[in-house]
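A.B. asks: based on what follows, work out the 3D shape:
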Amino acid sequence: MANPWAGEVALTIDGQRRVLKLTLGALAELEQDLGAGSLVELVQRFEGGAYSSGDVLALIVAGLRGGGADVTRAEMLRAEIEGGPMAAARAAAELLARAFMVPGEP
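C.D. replies: Residues are numbered from 1 along each chain as shown. Okay, here's the model as predicted:
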């Protein structure tokens with residue numbers, strides 16, 4: 001079960017419910033993988049709806065790793081995500097929002 005207060009998001013991948021979380025290490029890896037100048041740029045892309053499928057994939061991989069899974073980008077390229085690309089995009093956006101949520105905020 002994912003705990004939103006701990007920044008966790010649930011997503012079913014290849015028939016298995018997984019918990020994703022953006023830890024500090026996962027965020028640093030994400031920033032490096034995307035070549036973003038800052039995570040603020042990534043957040044702005046999501047807020048403006050200008051994110052790419054590569055952004056979504058990178059967030060899912062980082063979230064899985066932050067949640068304790070040992071996965072690669074190549075493995076996720078072949079993965080079946082329940083709900084398809086839209087569910088993946090929603091999960092990626094939730095991960096970003098929860099990573100920067102201040103405790104006690106709705």
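A.B. asks: please identify the buried residues of the lengthiest helix in the chain?
C.D. replies: For the chain, the longest helix by residue count, based on DSSP state H, is helix 84-99. Neighbour-count burial for helix 84-99, counted by 16 or more other C-beta atoms under 10 Å, picks out 88-89, 91-96, 98-99. Every residue, glycine included, has its C-beta placed from N, CA and C.
A.B. asks: Ser38 touches Glu31, doesn't it?
C.D. replies: Yes - judged on C-beta atoms under 8 Å, Ser38 makes contact with Glu31 at a distance of 7.3 Å.
A.B. asks: which of those two has more neighbours?
C.D. replies: Glu31 (17 against 9; other C-beta atoms under 10 Å).
A.B. asks: could you list the buried residues of the host helix or strand of that one?
C.D. replies: Per DSSP states H and E: Glu31 is located in helix 24-34. Buried residues in helix 24-34, counting neighbours by 16+ other C-beta under 10 Å, are found at 26-27, 29-31, 34.
A.B. asks: which of those lies closest to Arg65?
C.D. replies: Ala26 (5.4 Å; C-beta to C-beta).
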